[in-house]
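[1] My questions concern the predicted model and sequence given below.
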Amino acid sequence: MTLAILFAFASAACLGAGVVTTQFGLRSVEPLSGAAISVPAFALLFLLLSPLLLYGEPVVWRGVPIFAAIGLVFPALLTLLTFASNRALGPVVTSTLGNLAPLFAVALAILVLQEPLRGLQLAGLVLAVGGAVIITVTRPRDFGSWRTWALLLPLGGAVLRGVVPPVVKLGLEVWPSPLWACLIGYIMSSLVVLTVQRIRRGSFVVAAPWSGRVWFAVTGILNGLSALTLFAAVRHGPITLVAPLVAVYPLVTVLLSAIMLRQVRITARIVAGTALTVAGVALVLIG
C-alpha cells in the first residue's frame, strides 16, 4: 500500500504540472500538433531508456494486445482532449472538471473489479474531489470568452481518465508490468497522433517554433511519468485508494499557475478547498 500511495501522489504531481506547462506550448502550437510532439517525445525517451528499465522484465505475450488496445485511446485521445480543453478553457477549469475522473474510476472499480469501498474512503473521496473543485471552480477573467460546448472537452477527458485505471488493472492481472504497459501504450498512442498529424498536415513533423516544441516535449514527459506512476500505483493498490489520491493534482496546477502564469491568487476559497482536499486524503488513507 505504501508504494501505491507514493506512486499515486507522484502521478498527481506530474499531471498537475503538465496541465500548466501545456499553456506555454499552446501559445505557439495548436492542440493536435502539440499532441504529435508530446506523446512521441515520452515514447522516444522511454525507448532510449528501455534497455535499462526493462532489463529482467519478462514478456507476457497475452498481455500485449490488451495494452496495445489501451494505447489506441490512452494517452492519445486523452491528450488531444486535454490540450483542446486547455486552449478553450485554460488550465484551472480543465483541472476542475477533469477532477471528476476518480468518481468514474471508483464506480467502475466497485462494479467491475469488485473492490470494496469503506465508509471513510467514500467520505474521503467526496471531500477530496469537492475540495479540488472548490479550489479551481472559478474561471479567471484572463481566460477570455468560451462557449458552453467546450465543457464537453474536459468532461470527456474525465470519463476517459476514469475508465482507464480499471481497464489497466485488468491488463496488469495478465501481465503485471507497469513499465511494459506504459511503453506499449505510448508506442500505440504515438502512432495514432502521428497518423492524425500526417493526415491533417501532410507531414509527421510538426512545423512550429522551437519554444513550442520544447514546452510540449516537457509536457509529454510529465504526462508520461504521470501515466507510468499511475500504472504502478494501480499495480500495487486498489483503485478505491489510488483514484482519490491522484485527484489532488489541481493543487499542483493552482500552485504552479499562481507562480508561472500569474492567473491565480491564493484566496480564502483556495485555502478552504485545500483544507478539504487534505482532509479527504487523510480519510482515504486511514479508511
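    Nice, I can see it. Numbers count the residues shown, from 1 in each chain.
[2] all helices for the stretch 51-200 of the chain, in order.
    64-71, 76-89, 91-98, 101-112, 119-136, 152-174, 178-201 (DSSP state H, counting those that start in this stretch).
[3] which phi and psi does W175 have?
    Phi and psi for W175, reported as degrees, to the nearest 10, are phi -140, psi 90.
[4] which residues sit in contact with W215?
    The contact partners of W215, by C-beta atoms under 8 Å, 6 or more residues apart in numbering, come to 21-22, 24-25, 29. In this view, the C-beta of every residue, glycine as well, is placed from N, C-alpha and C.
[5] quick one: which of the residues you listed is nearest to G130?
    T22 (25.0 Å; C-beta to C-beta).
[6] how near is that closest one to L72?
    22 Å (C-beta to C-beta, to the nearest Å).
[7] Show me which of these two is the more surrounded one.
    T22 (28 against 13; other C-beta atoms under 10 Å).
[8] Is there a neighbour count for the residue lying closest to P238 once chain neighbours are set aside? I'd like the number.
    Of all residues not flanking P238 in the chain, E115 sits nearest, at 4.8 Å (C-beta to C-beta, 6 or more residues apart in numbering). A count of nearby residues for E115, using other C-beta under 10 Å, gives 17.
[9] Contact partners for E115?
    Applying C-beta under 8 Å, 6+ apart, the residues near E115 are 109, 238-240.
[10] before we move on, back to that, pLDDT, secondary structure and distance to V218 added to the contacts of W215, as JSON lines?
    Shown next, in JSON lines, are these (pLDDT from 0 to 100; DSSP: H, G, I helix; E, B strand; the rest coil; distance: C-beta to C-beta, whole Å):
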{"residue": "T21", "pLDDT": "94", "secondary structure": "helix", "distance to V218": "5"}
{"residue": "T22", "pLDDT": "90", "secondary structure": "helix", "distance to V218": "9"}
{"residue": "F24", "pLDDT": "92", "secondary structure": "helix", "distance to V218": "8"}
{"residue": "G25", "pLDDT": "92", "secondary structure": "helix", "distance to V218": "8"}
{"residue": "V29", "pLDDT": "90", "secondary structure": "coil", "distance to V218": "13"}
